[in-house]
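# Next come a sequence and a model predicted from it.
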Amino acid sequence: MSQPRNAQSSTSAAPRGVICGVCGTESRQQAFRAGAPEQAPDLDLRPGQPVRGTMNRWLQQCPHCGYAAPDIAQAHPAAAQAVGAANFRALLNDASHPPLARRFLAWALVLEETGALHAAAEATLHAAWTADDLGKAELARSWRLEAVALWRSGPALDAEQTVRVVDALRRAEEWTDSATTARTLLRDDPPEAVAQVLMLELRLVDAEDTARHSVATALPPPARRPHVSHQRSVKRGEGLRGWLKRLFGR
Ligand SMILES: [Zn+2]
């Protein structure tokens, strides 16, 4: 996805006809381009406002087959198989889950089918964020644990990804696993910014605090992060703050 990195606000083009990459049905969809968040992200890197409040526009969804993706005109060859699978159809029809959460979970299933396990974890975490917003604590907890399982079943995690696992475990009340994961990474002498976030996580675990906290609590400002569509890989050895700074060029 190529998008301007420093756009000042979230923008949407007018809805246009899009041909679904899975079933070929045309529907009207809006393209979403995220602007830069103005507030610091949460410890799990959920962006601050105003991007935080735009989640209902991050993914398109085909009204015919239910395929969900940032751009449904694009589909991995394995996407059709994922969309046709029984678990995908069951998810679409599961009225016990909020519709926006189902959209992110649908995208997660497609990503999992294509073998992109860390991206599937990310999409599952996004479903947890929508549950947070609706006050659905049990759903948020179960999707955080699913996200952690996906992260851990993929390739080795770098320091920043591991911080997100620590945060997801803490917010899911998995105190022991969260603290053990944090201490294991601290023993590896991570970059200073990562160490600061981990120390904060350990204090929160001690207090059995499941609330969201801002990266700004652990790091001096500015700590910003763009929308996931701007995400780039983190260089090894680079601290969280350096990563954020590089993403924003400031
Ligand atoms: Zn479709």
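Sure, I can see it.

# check which helix or strand covers the spatially most central residue of the chain.
Nearest residue to the geometric centre of the chain (Cα atoms, centre = their mean): Glu122, 3.6 Å. Assigning secondary structure by DSSP states H and E places Glu122 in helix 117-133.

# Repeat that for Gly17.
Gly17 belongs to strand 16-19, assigned by DSSP H and E.

# Which SSE is immediately downstream of that strand?
Counting by DSSP H and E, the next helix or strand C-terminal to strand 16-19 is strand 26-29.

# tell me which residues of that next one are tucked away?
Gln29 (16 or more other Cβ atoms under 10 Å). Placement of C-beta: from N, CA and C, glycine included.

# Does that strand reach the ion?
No. Using Cβ under 5 Å from the ion, strand 26-29 never reaches the ion; the gap is at least 7.8 Å.

# so what strands line up beside the next helix-or-strand element following that strand?
Remark: after strand 26-29, the chain's next helix or strand is strand 32-33, criterion DSSP H and E. Strand 32-33 has these partner strands in its sheet, going by DSSP bridges: strand 11-12 (antiparallel).

# for the record, mean pLDDT for the strand it pairs with?
Averaged across strand 11-12, the pLDDT comes to 54.

# Then stretch 25-37?
Stretch 25-37 comes out at a mean pLDDT of 87.

# Extract the C-alpha set from that stretch and format it as CSV.
The C-alpha trace of stretch 25-37 is given here as CSV (Å, rounded to 0.1, in the frame of the first residue of the first chain):
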residue,chain,number,x,y,z
THR,A,25,-19.4,-8.9,-7.2
GLU,A,26,-19.3,-5.1,-7.6
SER,A,27,-20.1,-3.0,-4.6
ARG,A,28,-19.6,0.6,-3.6
GLN,A,29,-16.7,1.0,-1.2
GLN,A,30,-14.6,3.8,0.3
ALA,A,31,-10.9,3.8,0.1
PHE,A,32,-9.4,4.8,3.5
ARG,A,33,-6.2,6.8,4.0
ALA,A,34,-5.1,7.3,7.5
GLY,A,35,-3.7,10.6,8.6
ALA,A,36,-1.2,10.9,11.4
PRO,A,37,-2.4,10.3,14.9
